[in-house]
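Novice: give me coordinates for this.
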Amino acid sequence: MSDGYQSELRSVDQRPQRKILRLSTRDYSAPGFYFITICTLARVLWLGDIAHDGIHLNHVGQILQTVWESLPRRFPGLVIDGFVVMPNHVHGIILLTDHLRYNKPWLKQKPTLNTIVGAYKGAATYLIRRTAGIPDFAWQRSYYDVIMRNERALVHTRRYIDQNPERWIADRFYNKDTMTE
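Specialist: Below you'll find the model as predicted:
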């Protein structure tokens, strides 16, 4: 082996390992409420603007809203709950039910949360790149999720989603460096 090859192996082996975001003991096709957050790559403000404590969606943000609303047709038994498009991320609540399935009858297994989020990100990206004319649009690699364990957490999360535009400057996804003049 050449030294160059060994150096390359060392650098690959020394890369930081990505943190696993999902609970290893959780079946993510199990019924329940899940709160998800999906960010644009580098938190670029592709999706709309905040003005007067409200979100004003541009064409990209409208696509995201439409794709979100279409998820129950793609996954019968899926219930969508609170949802908001922010300038560089989306928050949503998804209810996976006992009757959740794919809309293709030959697919027998139940879709997982990861499958549903992947389908959302994929469909939205496809439409944004083609109909909004933004070939560079991209999402961050994964997404953040919280399992809603009780009614109190669900109520709190719904309120958080509803009030998110009002708290934009204090939002952890606010990035003044990506703001346009």
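Novice: from Thr97, how far out is Pro87?
Specialist: 32 Å (CB to CB, to the nearest Å). Where C-beta positions appear, they are placed from N, C-alpha and C, glycine not excepted.
Novice: more neighbours, these two?
Specialist: Pro87 (27 against 14; other CB atoms under 10 Å).
Novice: wait, that one sits on Leu47?
Specialist: Yes - counting by CB atoms under 8 Å, Leu47 is a contact partner of Pro87 at 5.4 Å.
Novice: which SS class is Pro87?
Specialist: coil (DSSP: H, G, I helix; E, B strand; the rest coil).
Novice: do Arg26 as well
Specialist: Look at Arg26: counting by three-state DSSP, its state is coil.
Novice: what's around it, how many residues?
Specialist: When neighbours are counted by other CB under 10 Å, Arg26 registers 13.
Novice: the nearest residue to it once chain neighbours are set aside pairs with what?
Specialist: Excluding the flanking residues, the one nearest Arg26 by CB to CB, 6 or more residues apart in numbering is Ile147, at 7.0 Å. In this entry, Ile147 is beta-bridged to Tyr34, by DSSP bridges.
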